[in-house]
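**Student:** Sequence and predicted structure, then a few things I'm wondering about:
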Amino acid sequence: MISKALATALLLGSSAASMAANDGQVHANQLLATDREYVETWQDTLKGEERLPEWVINLSGSSQEQMSAVTEDGDKYLVGPLCESDDNCTYKRLIVAFSWDKDDAYGMLVEVPEGLPKDKSPTRHAQYRWLGKPDDGMKAMLQEQLKRDPKWY
């Protein structure tokens, strides 16, 4: 079931998101507003998942980085990060990957206990939740995207 906010965003559209999608410069939090196929694929990916936060369900968190094209096992994916909020990216983030044909989507939800001291490595304390039943190659690609963040160690 689509949330009211997502339905409104889809109905109204976003000229910024549309323009960004046209030139390949889309952020993960704009993706669902660019094409109905992304919405349907993401809903299929989350089917059967329980207790996901709304920002994950709607891909409505904060995204400072543009999505990029990444190849995994010969297939192209549009991949990008999403955080619960700008100031909470260390503790709650999602890396999403949509196949180029928009038929498949995967996600890696990463949660680190809030209040973890700055001198503690988030990598050692993170919990990972896989969305969309990714195979080992896809899991490795999503983890590699996370490692690109200089604040992740």
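**Tutor:** In hand now; what should we look at? Being a predicted model, the structure only gives us computed values, none of them experimental. Numbers count the residues shown, from 1 in each chain.
**Student:** what bridges to Y128?
**Tutor:** V110 (DSSP bridges).
**Student:** check contacts around it.
**Tutor:** M108, L109, V110 (CB atoms under 8 Å, 6 or more residues apart in numbering). Any C-beta I mention is one placed from the backbone N, CA and C, and that applies to glycine too.
**Student:** what's the weakest-modelled helix or strand in the protein?
**Tutor:** Among the helical and strand segments of the chain, the one scoring lowest on mean pLDDT, DSSP states H and E is helix 15-22, with a mean of 36.
**Student:** buried set for the helix or strand following that helix?
**Tutor:** Using DSSP states H and E, the helix or strand that directly follows helix 15-22 along the chain is helix 36-46. Of the residues in helix 36-46, those with enough neighbours to count as buried (16 or more other CB atoms under 10 Å) are Y38, V39, T41, W42, T45, L46.
**Student:** Distance-wise, check the second one relative to P150.
**Tutor:** So that's V39. Applying CB to CB, to the nearest Å, one obtains 32 Å for the distance of V39 from P150.
**Student:** sec struct for the spatially most central residue of the chain, please.
**Tutor:** Most central residue of the chain, judged by C-alpha distance to the mean C-alpha position with CA atoms, centre = their mean, is V96 at 3.2 Å. Under DSSP: H, G, I helix; E, B strand; the rest coil, V96 falls in the strand class.
**Student:** if you skip the residues just before and after it, what's nearest to it?
**Tutor:** When the adjacent residues along the chain are set aside, V96 lies closest to G107, with 4.9 Å between them (CB to CB, 6 or more residues apart in numbering).
**Student:** What residues does the one you found make contact with?
**Tutor:** For G107, the contacting residues are T45, V56, L94, I95, V96, A97, W130, L131, G132, L142, taking CB under 8 Å, 6+ apart as the criterion.
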